[in-house]
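> sequence isn't available, so here's the structure alone:
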């Protein structure tokens with residue numbers, strides 16, 4: 001069996017921006033790290049274990065031909081950021097990201113740093129409403145794609161830029177960005193990221209509704225609903241049902257539209273989303289009266 005210890009040590013060391021001396025410190029000598037990376041030296045189990053801790057991977061990483069690292073610390077930070085994003089707590093997101101990129105930057109690969117900077121750009125917009133600066137921060141993160149992870153992060157960043165343009169009511173620009181992101185995502189055979197799919201489709205549908213392209217908008221929402229059903233998820237499902245209903249009403253298909261909006265209301269009730277339940281109830285009553 002051919003092992004890939006040396007090449008994988010070198011790959012992960014460079015991802016974290018460490019020199020051979022940095023990696024060797026308190027573990028072994030720089031010359032030993034150099035020989036390990038060249039394949040001229042097989043490290044002891046103890047040395048390999050210490051290297052794995054400093055490189056923030058488990059030991060299995062070193063023996064794989066195409067390793068996928070698992071930075072447990074990054075995954076914990078990522079989970080925390082996603083929870084805060086769901087709560088729209090951008091102040092805490094900004095604090096966490098700036099702290100990590102200042103105090104703990106050597107823990108992260110270039111990809112992970114880009115992920116953190118993506119959320120810094122999002123937080124910057126919602127906290128300061130500085131459109132131009134936020135767009136500049138995010139556009140700098142659109143890099144040449146080396147792998148599927150880079151492609152998916154580029155797509156997510158582009159989707160965030162589209163959301164900002166949509167919020168600024170530049171619907172034509174937002175629509176084009178959403179469509180670009182959707183075309184890119186469809187072109188990745190290995191992609192299995194239904195939440196990104198749904199986020200793009202819902203944003204595109206909303207933007208097309210603002211542009212009064214009701215039939216096209218409806219088609220994207222229906223596609224999103226089919227993905228939700230296939231994936232057995234409620235993520236954005238009630239929102240998409242509302243979108244379909246609203247578009248149908250605008251297309252003079254009121255009874256069908258009201259049915260979809262009632263379904264959206266039921267789903268919000270299941271989720272316990274009181275705020276959106278009350279909003280949709282009011283809209284439903286308005287549509288029924290008109």
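It's in. The model shown is predicted, which means the values in this text are computed figures rather than measured ones.
> CA only for contacts and neighbour counts going forward, please
Fine.
> number of residues surrounding residue 93?
24 (other CA atoms under 10 Å).
> work out for me the element it sits within.
Using DSSP states H and E, residue 93 maps to helix 90-103.
> and for residue 175, the neighbour number?
By other CA under 10 Å, neighbour count at residue 175 equals 23.
> returning to that earlier point: show me what the helix or strand just after the helix holding residue 93 is packed up against.
Downstream of helix 90-103, the next assigned helix or strand under DSSP H and E is helix 110-128. In terms of contacts (3 or more CA pairs under 8 Å, 6 or more residues apart in numbering; DSSP states H and E), helix 110-128 is packed against helix 90-103, helix 131-139, helix 148-167.
> returning to what we had before: now the helix holding residue 93: buried residues?
Of the residues in helix 90-103, 90, 93-94, 96-98, 100 count as buried by neighbour count, 16 or more other CA atoms under 10 Å.
> residue 40: which of the helices and strands packed on helix 110-128 is closest?
When these are compared by CA to CA, helix 148-167 sits nearest residue 40, at 31.3 Å.
> buried residues of the closest one, list them for me.
Burial within helix 148-167, assessed by neighbour count using 16+ other CA under 10 Å, is assigned to 150-166.
> now do the next helix or strand after that helix, average pLDDT.
Proceeding N to C from helix 148-167, the next assigned helix or strand is helix 171-186, under DSSP H and E. Averaged across helix 171-186, the pLDDT comes to 96.
> show me what helix 171-186 is in contact with.
Outside helix 171-186, the residues that touch it by CA atoms under 8 Å, 6 or more residues apart in numbering are 152, 155-156, 158-159, 161-166, 191, 197, 200-201, 203-204, 207-208, 210-211.
> mind giving me the packing neighbours of the least confident helix or strand in the chain by mean pLDDT?
Least confident helix or strand of the chain, by mean pLDDT, DSSP states H and E, is helix 5-15 with a mean of 86. Under the contact criterion of 3+ CA pairs under 8 Å, 6+ apart, helix 5-15 touches helix 30-38.
> tell me which residues in the helix it packs on are buried?
Across helix 30-38, burial judged by 16+ other CA under 10 Å covers 30, 32-34, 36-37.
> save the buried residues of helix 90-103 as TSV, and put in pLDDT too.
Shown next, in TSV, are these (pLDDT from 0 to 100):
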residue	pLDDT
90	95
93	95
94	94
96	94
97	94
98	94
100	91
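> noted, bye for now.
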